[in-house]
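S.K.: When you get a sec, could you give me coordinates for this:
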Amino acid sequence: MTGTTYIVATDVGGTCTDTIVVTSAGEIHIGKALSTPPDFADGVLNSIQSAAEIMGISRRELLERTSLFVHGSTVVDNTVLTREGARTGLITTEGFEDTLLVTRGAYGRWSGLTEEGIKNPVKTDRAPALVETGAIAGVRERVDCNGEVVEALDLAAAERAVRFLVKEKKVEAIAVSFLWSFFNADHERAVRDLIGKVAPQAYVTLSSDIAPVPGEYERTSTAVINAYAGRITRDYLNSLERLLGENGYRGQTMVMQGYGGLLPAGEAAERAVGMIECGPAAGVIGAKFLGELMGDGDIIAADMGGTTFKVGVIQGGELDYAREPLVDRFHYVAPKIDVVSIGAGGGSIVQLDPKTRLPTVGPRSAGSRPGPICYGLGGTEPTLTDVMLLIGYMEPSHFLRGSMTLDRDNAHRIFKGKIADPLGVSVEEAAIGIYRIAAAQITDLIRKITVERGLDPRDFVLHSFGGTCGMLASAFGEELAVRRIVIPYTASVNCAFGLVTADVRHEYSTTTTLPSDVSPEAVNAIFAPLMESAHRQLEAEGFTGSDTRFDWSVDLRYRRQVHEVTTPVHARTPLDTAALAALIDDFESLYERKFGRGSAYREAGIEMTMFRLTASGLMQRPKLPKETEGAADASAARIGRRRIFVEARGALAEADIYDFTKLAPGNRLSGPAVIHTPITTIAVQQGQSARMDGYRNIVLDMEG
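M.R.: Here you go, the predicted structure:
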């Protein structure tokens, strides 16, 4: 292996930490370990260790030969969801102290709630803000919508506010959000400089830095989220880089963002809000890359790990971005790949509703510790993983390459006492019912982001990834009637795989309102300073010439409307008259795709409101070798038979069991069957066939 170099990517999830190693020859090696909250960095090293052992080298040797380390983590999501962020204060324009608390008026009472939670409007209320009411300070200042100073900043009042927040309220982080600061940030910057003198230990976020866009509440909320999670994120990334260095790594650390791009760790540490849902975003990026290899442009990317089920849609090879991003119940302003989720994962707790006595799956999760009962780590509540074991899909001796033997007897005993006996049915009947509930929840979620948006699942290929999804995909994929199902070779670590297929990306934007009939020169003049900043940034990171890409987009709306549609510029830039006209046509096409055919109405007038630039430093893609597909006979990989749940029979029945490592490209098998891989399990239902393709993906075809 002399001279071999590696790219290493790790993705930290709620239950497991995944590692993928790509060699300079394009070979892929996979590692996996349980996550280690609250110090997730230890789990990262354990996962890298797992990959190194499979490769037959030490962890230090692997890291010493690593040219690039790429990382994704749920640290920001967890910080907000568990309310374990820094004690945060807010300084805002006097008279607007309640902006964060009012949210979006009545909408704030139910935004982010489940459908069940929305059904009782009397009981709904706004989520408690991340800043307590007494830690919000108003300061006299005012800038108008043209960026002109109407009232100068009261520096003395600002200093009093800072001292009050730090000394009386004991805040560790301060968010600053003034009216119209995205047009003129001088007042916010003056307060930042003041905090640096009065309270240099405080973590500071300016709304003009993190969210220079209109939308008073959303901009303030974004600044608060970033301040709340920023210190923990910075400490975590610093700790991770230190541990990597101590173990031999000398290169740069890149961190995944929710919009699907990478940032250097130092910059990511100051933009914590950008890391929200970066793992699922990486999974969608990985699905897009694999789809391009396989010739699939329309993909439903489904990810089911330990705590949640997440799904995103790729249309015609294009990613879809969230219109109103949320973390927990808090809105924020940052580009994010549109991924929706429910609390249904392998670690999701199965229980009986105290009122109806009907079984439910999630949203509470057992996490990695204590985890499912069958892990033997102290878990006492049944989970979906325990159900998979009870219906025969999981095998006690095959989990994580046999590194952990699952305790079926204890899972059976507790599930019987807490679920089956109270329902008055057998363990087998109860477990089958729970499996069907989970599959139905997933099917409903996918229909919401396809059918309810005018998309037909039958036109899509389903990519199933995550440690648990392969056991359910054959069921909900058949219900949705997708074209076929792909379980990637990297299924259980597909988010980590997405990390090594992403590019470095920086987002720039500026806000101003122009009519659509403006001259192309006026639009080009707005983009010119953004392009200058982007070129400088990428050159500093070592990207020039053909290694760079610059994508323009414009937010447009019909006059007197408040909802904009971000419309990519497909023409060459700078723009000419024809390119500007094409942009308007594209806007109306996108508008009708989002809001229904016939909804476009050019006669109302069209306005441009925001101008966006995405600057990319193009990373080297892994070159995955494609093997020649051989004989169809898979009998050499058959390792036995056992009873598993077969949907067509409504009960457990004998089925063939296969070892993934003994399958060869071209091998084909028919369901019902189970395929055990080193990192996940795949269930093949009756009436379906499975084959291994040249990339060692498992492809399920619906024979019916």
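S.K.: okay, and for the stretch 351-500 of the chain, where does confidence drop off?
M.R.: The model of the stretch 351-500 of the chain has pLDDT under 70 over residues 368, 398-403.
S.K.: If we use 90, what do you get?
M.R.: Along the stretch 351-500 of the chain, the parts satisfying pLDDT under 90 run over 353-357, 362-371, 375-379, 395-406, 449, 452-455, 465-468, 490-496.
S.K.: can you give me the strands for it?
M.R.: Along the stretch 351-500 of the chain, the segments classed as strands by DSSP state E, counting those that start in this stretch run 359-365, 461-465, 484-487.
S.K.: Indicate which one of those strands is closest to Gly312.
M.R.: Among the strands of the stretch 351-500 of the chain, strand 461-465 comes nearest to Gly312, with 9.7 Å by CB to CB. Glycine gets a C-beta too; all of them are placed from N, C-alpha and C.
S.K.: what packs against that closest one?
M.R.: Packing partners of strand 461-465 (3 or more CB pairs under 8 Å, 6 or more residues apart in numbering; DSSP states H and E): helix 278-294, strand 299-304, helix 473-480, strand 484-487, helix 494-499.
S.K.: Distance to Ala581 added to the ones you listed, as TSV?
M.R.: Below are the helices and strands packed on strand 461-465 laid out as TSV (distance: least, CB to CB, whole Å):
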stretch	distance to Ala581
helix 278-294	30
strand 299-304	32
helix 473-480	39
strand 484-487	39
helix 494-499	36
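S.K.: Pick the most buried one from those.
M.R.: Counting by mean count of other CB atoms under 10 Å, helix 494-499 has the highest mean neighbour count of those, with a mean of 32.
S.K.: contacts for it?
M.R.: 9-11, 13, 18-20, 28, 70-72, 256, 262, 279-287, 289, 303, 463, 465-466, 488, 490 (CB atoms under 8 Å, 6 or more residues apart in numbering).
S.K.: Now do the buried residues in stretch 534-543.
M.R.: Using 16 or more other CB atoms under 10 Å as the test for burial, stretch 534-543 gives Ala534, Gln537, Leu538, Glu541, Phe543.
S.K.: Give the closest residue to the first one in space, chain neighbours not counted.
M.R.: I take that to be Ala534. Take Ala534 and drop its neighbours on the chain: the residue closest to it by CB to CB, 6 or more residues apart in numbering is Ala615, 3.5 Å away.
S.K.: and that neighbour, what is it in contact with?
M.R.: Arg505, His506, Tyr508, Ala534, His535, Gln537, Leu538, Thr548, Arg549, Phe550.
S.K.: Could you confirm it falls within a strand?
M.R.: Yes: assessed by DSSP: H, G, I helix; E, B strand; the rest coil, Ala615 belongs to a strand.
S.K.: measure it to Arg505 for me?
M.R.: Separation of Ala615 from Arg505 (CB to CB, to the nearest Å) stands at 7 Å.
S.K.: Is Phe550 in a helix, a strand, or coil?
M.R.: When classified by three-state DSSP, Phe550 comes out as strand.
S.K.: What is the burial count for the closest residue to Gly378 other than its chain neighbours?
M.R.: Excluding the flanking residues, the one nearest Gly378 by CB to CB, 6+ apart is Pro370, at 3.8 Å. Using other CB atoms under 10 Å, Pro370 is surrounded by 15 other residues.
S.K.: Wait, Pro370 touches Leu377, no?
M.R.: Yes: at 5.0 Å, Pro370 counts as touching Leu377 under the criterion of CB atoms under 8 Å.
S.K.: Report the contact partners of Leu101.
M.R.: Arg126, Ala129, Thr133, Ile136.
S.K.: still on that earlier bit, for the buried residues of stretch 534-543, which two are the farthest from each other?
M.R.: Most distant of the buried residues of stretch 534-543, by CB to CB, are Ala534 and Glu541, 11.0 Å apart.
S.K.: I'd say Arg621 and Phe289 touch.
M.R.: Yes: between Arg621 and Phe289 there is a contact under CB under 8 Å: 7.3 Å.
S.K.: Give the residues shared as contacts by those two.
M.R.: Joint contacts of Arg621 and Phe289 (CB under 8 Å, 6+ apart) are Thr501.
S.K.: which is the next helix or strand following the lowest-mean-pLDDT helix or strand in the chain?
M.R.: Ranking every helix and strand in the chain by mean pLDDT, DSSP states H and E puts helix 115-118 at the bottom, with a mean of 70. Sequence-wise, the next helix or strand downstream of helix 115-118 (DSSP states H and E) is strand 136-139.
S.K.: could you give the mean pLDDT of that next one?
M.R.: The average pLDDT within strand 136-139 is 97.
S.K.: Could you list every helix and strand that that strand packs against?
M.R.: Under the contact definition 3+ CB pairs under 8 Å, 6+ apart, strand 136-139 sits against strand 88-93, helix 155-163.
S.K.: starting at the chain centroid, how far to the next helix or strand after the first one?
M.R.: Spelled out, that is strand 88-93. Later in the chain than strand 88-93, the nearest helix or strand by DSSP H and E is helix 99-102. Distance of helix 99-102 from the chain centroid (CA atoms, centre = their mean, to the nearest Å) equals 27 Å.
S.K.: Next: stretch 529-538.
M.R.: Chain-centre distance of stretch 529-538: 27 Å, with CA atoms, centre = their mean.
S.K.: neighbouring contacts of that stretch?
M.R.: Val504, His506, Tyr508, Ser509, Thr510, Thr544, Thr548, Phe550, Phe611, Leu613, Ala615, Gly617.
S.K.: quick one: contacts for the last one?
M.R.: For Gly617, the contacting residues are Asp503, Val504, Arg505, Leu538, Glu541, Gly542, Phe543, Asp547, Thr548, taking CB under 8 Å, 6+ apart as the criterion.
S.K.: What distance do you get for Glu172 to Gln201?
M.R.: From Glu172 to Gln201 the distance is 8 Å (CB to CB).
S.K.: Show me which of the two is the more surrounded one.
M.R.: Taking neighbours as other CB under 10 Å, Glu172 and Gln201 compare with Glu172 leading, 20 against 8.
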